[in-house]
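Participant: pasting the sequence and the predicted model now:
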Amino acid sequence: MSDTFHISTRIRENAEQLSAALQDHMEKVFAPNATKDLRRFSASEAAELLNISASFLRKLHFEGRAPEVDTSAGGRRHYSAQDLLKIRTALETGAKKPGTYAKGRRDGDKVQVLSFLNFKGGSGKTTSTIHTAQRLSLKGYRVLCVDIDPQASLTTLFGFRPEVDFLETGTVYDAIRYEDPLPFRSIIQPTFFTGIDLAPAGLLLQEFEHETPRALMANAQPPFFSRLATVLQDVESDYDVIVFDCPPQLGYLTLSALCASTGLVITIVPNMLDVASMSQFLQMSADLLDVVSNAGAKMEFDFLRFLINRYEPNDGPQQQVVAFLRQLFGDEVMVAPMLKSTAISDAGLTHQTVYEVDRTQFHRNTYDRAVDSLNLVNDEIEMLIQKAWGR
């Protein structure tokens, strides 16, 4: 008897088995029909996010300038993201200098649009995107996450099930497709994370890659490279920062995101195979961006940075690669690397981030090391945003 099989049949069977297993996993992690909920923050975490001292935060409560918050039997205060927003607003109202506590856009500031990208999968692109978005929102920025990866990992991390929730409609594809596009605002979803909205992804986004060659032949307008920039214009006034999680390929979706961006963050794992891959990615990007620039795309960026990801400080070869990159690119390599951490990977097992999980779920040193690393990276990105606004 022959053991041969039709490859599409076998792949479909594998896909169905995996989908069922993932659904079972989701139901064990989250009850059916449950939604994600953001934890509360300790007084020390709240003070750090508000950029004030813990003693000053206590003083605000004593003077009645801070709202009543959840308090444990032992008298410890715990703050929701909404509590932080109310306190920040009150502090800013009484501040002598505008922007002391509210760091978002002011009149005349353009929205900052950041693309996180890499040619290879596994470079920590989605992990970097969501942690940056969450850190910025906790510090008072209004953030829109735009998932343009058909694999929809970012969408999944926000508690959605793309294969169920957005199987036929409701993704970025509906707003940028060439025939009968929907208003971009209609596909934006609020998330459990205060201050963050999501433009979700799904497998349908892959259709944009398939349809664009035909659209180019037909001279469809607006052209592919400006479709994301065009739809963002309808909602950009609602946000301070927009972040793109790009697919791990240099296709039409990625190029469209690049043409809508004001800043680029290229994630790179410090080993020579990834560096060699990035060399090809940069060369191809430059060539293709020249093409779309000549076709009329606006290609003005406030910054480009390389983010060292999954870095192990005690790994000698990684240290050499990082030194090599810093020698080549200088200040374009971010000062702070994102450390490889079991806290980040373990949180991902339950579709969570380090900012979402409670410190008690990990060894204290492991958690603190991961949070400190993430904060340094994301605060450096915040400084770049502020600099782009002339501050």
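Facilitator: Yep, it's here.

Participant: helices along the stretch 101-250 of the chain, start to end?
Facilitator: 125-138, 153-157, 162-165, 172-176, 206-217, 227-232 (DSSP state H, counting those that start in this stretch).

Participant: export those helices to JSON lines and tack on mean pLDDT?
Facilitator: What follows is the helices of the stretch 101-250 of the chain, written out as JSON lines (pLDDT from 0 to 100):
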{"stretch": "helix 125-138", "mean pLDDT": "96"}
{"stretch": "helix 153-157", "mean pLDDT": "94"}
{"stretch": "helix 162-165", "mean pLDDT": "85"}
{"stretch": "helix 172-176", "mean pLDDT": "97"}
{"stretch": "helix 206-217", "mean pLDDT": "95"}
{"stretch": "helix 227-232", "mean pLDDT": "96"}
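
Participant: turn those into a markdown table, including distance to Pro200.
Facilitator: Glycine gets a C-beta too; all of them are placed from N, C-alpha and C. Formatted as a markdown table, those follow (distance: least, C-beta to C-beta, whole Å):
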| stretch | distance to Pro200 |
| --- | --- |
| helix 125-138 | 13 |
| helix 153-157 | 4 |
| helix 162-165 | 7 |
| helix 172-176 | 7 |
| helix 206-217 | 14 |
| helix 227-232 | 14 |
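
Participant: can you tell me which of those is nearest to Gly251?
Facilitator: Between Gly251 and these, the shortest gap by C-beta to C-beta is with helix 206-217, which sits at 5.1 Å.

Participant: give the buried residues for the closest one.
Facilitator: Across helix 206-217, burial judged by 16 or more other C-beta atoms under 10 Å covers 206, 208-209, 211-212, 215.

Participant: list the residues that contact Ser256.
Facilitator: By C-beta atoms under 8 Å, 6 or more residues apart in numbering, Ser256 lies in contact with 148, 176, 224-229.

Participant: grab the most central residue of the protein for me.
Facilitator: The centroid of the chain falls nearest to Thr129 when counting by C-alpha atoms, centre = their mean (2.4 Å).

Participant: my guess is that one meets Val243, correct?
Facilitator: Yes - assessed by C-beta atoms under 8 Å, Thr129 is found in contact with Val243 at 5.6 Å.

Participant: hey, what's in contact with both of the two?
Facilitator: In contact with both Thr129 and Val243: 116, 145, using C-beta under 8 Å, 6+ apart.

Participant: pLDDT wise, what is the nearest residue to Pro67 once chain neighbours are set aside at?
Facilitator: Sequence neighbours aside, Lys86 is the residue nearest to Pro67 in space, at 5.1 Å (criterion: C-beta to C-beta, 6 or more residues apart in numbering). With respect to pLDDT, Lys86 has a value of 93.

Participant: in which helix or strand would I find Lys86?
Facilitator: Lys86 is part of helix 81-94 when elements are defined by DSSP states H and E.
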